[in-house]
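**Q** just need the structure, nothing else, for what follows:
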Amino acid sequence: MPSLRIDNVDVSYRLTGQGKITVVVTQGLGFASAEWWPIQVRLSKQARVLTWDRPGYGSSGSPAIFTTASARRSP
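**A** A predicted model of the protein is given here:
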């Protein structure tokens, strides 16, 4: 998967389809974009569709500092 470097973290994404309309699919916390790929394939017949992995999930890199309470480690 291609990625963009944002705040020193590689964020992976998948862009399929073509057209004037772009649909951005974002998953819930703790899930990877691959869960949406079957739907992305169907939607991409009518529009451009972007799925992405949040930092620390799927193919994206992990940030140096986690910002969600569930990802923090107790000292």
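
**Q** which one is the residue most central in space within the chain nearest to, not counting chain neighbours?
**A** For the chain, the residue nearest the mean C-alpha position is residue 52 (1.7 Å; Cα atoms, centre = their mean). Nearest residue to residue 52 in three dimensions, chain neighbours excluded: residue 13, at 4.1 Å (Cβ to Cβ, 6 or more residues apart in numbering). Yep, even glycine has a C-beta here, placed from its N, CA and C like the rest.

**Q** show me the contacts for the residue nearest to the centre of the chain.
**A** 11-14, 24, 26, 33, 60 (Cβ atoms under 8 Å, 6 or more residues apart in numbering).

**Q** what's the most distant pair in these?
**A** 24 and 60 (15.4 Å; Cβ to Cβ).

**Q** who has more neighbours, the two?
**A** Just comparing residue 24 and residue 60: by other Cβ atoms under 10 Å the higher neighbour count belongs to residue 60, 22 against 11.

**Q** please look at the more buried one and residue 9 and confirm they touch.
**A** Yes. Residue 60 lies in contact with residue 9 (Cβ atoms under 8 Å); the separation is 6.8 Å.

**Q** thought the residue nearest to residue 52 was touching residue 6?
**A** No. Contact status for residue 13 versus residue 6: not in contact, 10.6 Å apart, counting by Cβ under 8 Å.

**Q** more neighbours: which of those two?
**A** residue 13 (17 against 12).

**Q** contacting residues around that one?
**A** Contacts of residue 13 (Cβ under 8 Å, 6+ apart): 1-4, 33, 50-53.

**Q** what do you get for residue 24?
**A** 50, 52.

**Q** show me where pLDDT drops low in the protein?
**A** Applying pLDDT under 70 to the chain flags residues 66-75.

**Q** for it, longest strand please?
**A** As assigned by DSSP state E, the longest strand anywhere in the chain is strand 9-16.

**Q** can you list the strands that it pairs with?
**A** If you go by DSSP bridges, strand 9-16 pairs up with strand 3-6 (antiparallel), strand 48-52 (antiparallel).

**Q** residue 44: which of the contacts of residue 52 is nearest?
**A** residue 14 (9.8 Å).

**Q** from what I see, that closest one and residue 51 are in contact.
**A** Yes. In this structure, residue 14 is within contact of residue 51 by Cβ under 8 Å, at 5.0 Å.
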